[in-house]
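*Asks:* What follows is a predicted protein model with its sequence.
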Amino acid sequence: MAGDEDLRTQLRALTIVSGFESTFLYPVPVEMVHACSYFCDALSSLWSVDPIDDIVLKSEGVPLSPVLQAEIDWLVGHGLLVPSNVAYAKTDRQTRLRADLALNNSLTDRVLEVLDEDEKLSREMGFVREVAAALAAMGPGAEGRAVSSDANFQDPLAGMQSVLDLMPDEGRSSATQSALRNFNSLARSAMGSDLSESELTALYTRHLQNLVASQDTW
Amino acid sequence: MQFPILRRLAVHGFELYPGTPEKPDLDATFLPGVTLIVGANGLGKSTLILVLYRLLTGPSEVAGDSGGAILGSGQLTLRPFRNQEPRMFARRVADQAVDAVAEVEFSLGSRRVHVSRKLSTLQLTSLSVDGDELEVSEAVFQSLIAEEAGVGNFVDWLLVLRYVTFFFEDRRSLVWDPTAQRRILKLLFTPPTEEDRIGQLEKRILSADSRARNTRATLAAEERKLEQQERDLAKLPVQQGELEELLATRENAEHEVVALRERAASLDAVRADVRLTLLRAREHRASLASEVESIRFQQIRDAFPSTSETAAYLLSQILTEDKCSACGTEVPEFRGALEEWLSAGDCVVCGSHIPGPGTGSAASRAGLPELHERLDVAERAEKEATKDRDRTEAELKHCWGRLSEVEETVRAAEARIRRLELEMPQGSRSQARREAIRDLRRQNEAEIESVLQDKNELDGLVHAANLQIAEYQERIRAAFDAYAEDFLLDTCSLVWGSHVEQVGLLGKGISFSVFQIDMSGATTDAEVTRRSSDGVSESQREFIDLAFRMALTQVAGTDGIGSLIMDAPESSLDAVFAPRAASVLTGFASPGSESRVIITSNLVDGRLIPTIAEKAQIEGPDDPRVVNLFEIATPTRALDQLHDLYMEALRRAFAPEERPNGR
């Protein structure tokens, strides 16, 4: 029986896949699920939710969350997620699973309905859906560039193979948190009021989309 | 910056280097590439390197410089030599070097500089640039060098020579010393004016921090005197007892705050390490598990192509991790059964026998048993790392929690003390003292505020400097990798990260960006960050530092050129690594490069000299690239008595048949 944290992680995985499927991205590459989970964690302080992974190893490509992957495996085992095109990609540094995931709607539809009945979970998964929709808009294959465009990965003071702290102690901020604060300050000066969590999420992900698109242009 | 390109060294009238009848004294030209200074013990190899160094630095040193520790604090200053220090070479010879003069020619960019000094006192005797004679004064020399080298001041020049260019036998560390690194990286990669400003701010902070703490101590002393005065009153009001208690509580709490802050800072540093170790361990375990899974998955698909991907995936996970993803149960026995079915080619769903060759031989060919062992090791490492992380986080949280409570105790005690003071009887002798204490307290608060503001400014400047240096970190890492891979068998790379230093005791630490070393070790194939050289062998430690210095010279030097002088590399090398070390040293000054590498070497058994000779195309001991102290230096008694043996050893060291490829 899953504990609370496991349940949150499983629901996040299902919500992400559901979010992507609602934008007609089907089945969903597992890298996109991990990338979306990373962004949910990077933006989690904005929504006052706890991250799944509060620290990440800065490396090439999308960071793999072993915690998320374990719950994805659980969901596959219980038939809620269906894998296809399973393969393993090997680089100099590591071997990683490559697979596409799809919801088994006969089981997941009811889960996602019940989710809406819990206010706190519903709010958190709403945030996850927004992030998934924004990432889907960049197109499959862009998740790696989206992650590397994130402020945490762009921070020149954090070298490869160093720790990115997504939820630093009080008095410190991650680079993404600082970027969000800057966006809010700009908006406050322009409009005289703070942006909502949804607006800031949309603004930040739009900023990432522009960065990714500009790399395409080059 | 312009690193010095050494071109010529000459020493005249020095008894240690009389030379030969045909060629008196010592006159060495440094051609592009490698120059070898060879000699036995006592012939003056290290002394010659020191002469070269002193020609470039004169009779000055960085104030208090005994290693990296001084480099962290505030502005560094120049200290002229005192007492007998300038006579370091005079004491080496019977005639006190009374007539000895040494001269060096070197380039800084396109400018040719010529310097000569008396060896008895290191006094400057001539100074010229591109043939034009300049005023013979240390002030002119120092100013000229700083300007032409492109550094902020002469102290920076000394630091560059000591930490980058010259690698003396004391092997002063750079890559292993974050405090030294932050100073050197800043002066190599940021404008001199900013470095100056940072130094000034640090000095001001340290001074103000000390003042604030002294005021605090004075305040505490005044408060104790007040206590005493109050006790002397004939009839103590009830508040007095409370006041004494509050003063004691506040003092104890303040001591505890200092201790807790130090503990928190120390735990924070440990936390950074354990987090990195945990993430590495996780990545490594996940990668190994994926590798095993991939082999298992393929085995199942090969044997049973009709098996669904879901089923194959779940079965491969059982075979990898002994765990069923469908129900979460640990199933090592079922895994064993699956292994047997798979090896025998039996059905992996129901175990029915299917005639055929099975996949057993394929499994062992894939190296699975070894992979499983590595996976077990990696899983244990991940568990340990998780425990370490959880324990450290818990300790840190507890520490902060306690710090918060104690700070609140201090605040509450202060507030109550102030109220009590106001309630004290007017006109008592203690009233004047109370007012003095209030003034001191206000002064102290202002001092602390000033320190914190300066620290914020310093933080901003350091952050900006870190960003400037960050622009070079990829190039430095790439250059380091190229040099290190020739020497080390372990995987070794530079990691760009941060190092927090306390500047003064008040407020938070300042984060400086520095490089650390990642190395794989003997007992693990995952990379581990080494924040100190503990656990690294002597030769590895030195050559990692050497590779780092080479990388910095290549990236920071104009046109990527510079000089590197290494004293006695053979002292820390074993016979197997000596040729590798020779490759690294000669690689820095490869053919076509204007860079110079000057190496001193004793005649030791091994391949160091032969490998250097081959790679640098040195014909023999009479080659212009060899400074042969067996000929030039005053012979020692050992050389006199065993001359033939030494000459044979010298001949052998350069003989073609001793070289790796016989060339």
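*Replies:* Perfect, I can see it now.
*Asks:* Which element, helix or strand, includes B:Thr193?
*Replies:* helix B:192-232 (DSSP states H and E).
*Asks:* Likewise for A:Leu121?
*Replies:* Secondary structure from DSSP H and E places A:Leu121 in helix A:119-137.
*Asks:* In the helix or strand just after that helix, which residues are buried?
*Replies:* Next helix or strand after helix A:119-137 toward the C-terminus (DSSP H and E): helix A:143-149. Within helix A:143-149, the residues that count as buried by 16 or more other CB atoms under 10 Å in any protein chain shown are A:Glu143, A:Arg145, A:Ala146, A:Val147, A:Ser148, A:Ser149. To be clear about C-beta, it is placed using only N, CA and C from the backbone, and glycine gets the same treatment.
*Asks:* Need these in JSON lines (columns: distance to B:Ile145 and pLDDT).
*Replies:* Output for these, formatted as JSON lines (distance: CB to CB, whole Å; pLDDT from 0 to 100):
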{"residue": "A:Glu143", "distance to B:Ile145": "53", "pLDDT": "87"}
{"residue": "A:Arg145", "distance to B:Ile145": "47", "pLDDT": "88"}
{"residue": "A:Ala146", "distance to B:Ile145": "50", "pLDDT": "89"}
{"residue": "A:Val147", "distance to B:Ile145": "47", "pLDDT": "91"}
{"residue": "A:Ser148", "distance to B:Ile145": "43", "pLDDT": "88"}
{"residue": "A:Ser149", "distance to B:Ile145": "45", "pLDDT": "89"}
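*Asks:* which ones among those come in contact with chain B?
*Replies:* On the criterion CB under 8 Å from any CB of the partner chain, none of the entries of those sits beside chain B.
*Asks:* ok, so of the residues you listed, who is nearest chain B?
*Replies:* A:Ser148 (14.0 Å; CB to the nearest CB).
*Asks:* In contact with that closest one, which residues are there?
*Replies:* A:Gln154 (CB atoms under 8 Å, 6 or more residues apart in numbering or on different chains).
*Asks:* quick check: longest helix of chain A.
*Replies:* Identified as the longest helix of chain A according to DSSP state H is helix A:197-217.
*Asks:* For chain A, what's its nearest residue on chain B.
*Replies:* B:Trp496 (2.5 Å).
*Asks:* Does that residue fall in a helix, a strand, or a coil region?
*Replies:* Secondary structure assignment for B:Trp496 (DSSP: H, G, I helix; E, B strand; the rest coil): strand.
*Asks:* What's the local residue count around the closest residue in space to it that isn't next to it in sequence?
*Replies:* Sequence neighbours aside, A:Gly159 is the residue nearest to B:Trp496 in space, at 2.5 Å (criterion: CB to CB, 6 or more residues apart in numbering or on different chains). As a burial measure, A:Gly159 scores 21 neighbours (other CB atoms under 10 Å in any protein chain shown).
*Asks:* where does chain A have low pLDDT?
*Replies:* Within chain A, the set of residues satisfying pLDDT under 70 comprises A:1-2, A:216-218.
*Asks:* of all the residues in it, which ones are close to chain B?
*Replies:* With CB under 8 Å from any CB as the criterion, chain A meets chain B at residues A:55-57, A:59, A:64, A:66, A:69, A:73-74, A:76-79, A:82-88, A:90, A:93-97, A:99, A:156-163, A:165, A:169, A:171.
*Asks:* just to revisit the earlier point, in what helix or strand does the residue nearest to B:Trp496 lie?
*Replies:* Counting by DSSP H and E, A:Gly159 is part of no helix or strand.
*Asks:* how far away is it from B:Leu338?
*Replies:* Distance from A:Gly159 to B:Leu338, counting by CB to CB, to the nearest Å: 43 Å.
*Asks:* same thing with B:Pro192?
*Replies:* Distance from B:Pro192 to B:Leu338, counting by CB to CB: 68 Å.
*Asks:* which residues touch residue 123?
*Replies:* Answering for chain A, as no chain was given. By CB under 8 Å, 6+ apart, the contact set of A:Arg123 is A:Trp47.
*Asks:* hmm, I had chain B in mind actually
*Replies:* B:Pro59, B:Pro86, B:Arg117.
*Asks:* let's see 7 Å
*Replies:* B:Arg117 (CB atoms under 7 Å, 6 or more residues apart in numbering or on different chains).
*Asks:* for it, phi and psi?
*Replies:* B:Gln123 has phi and psi values of phi -70, psi 140 when expressed as degrees, to the nearest 10.
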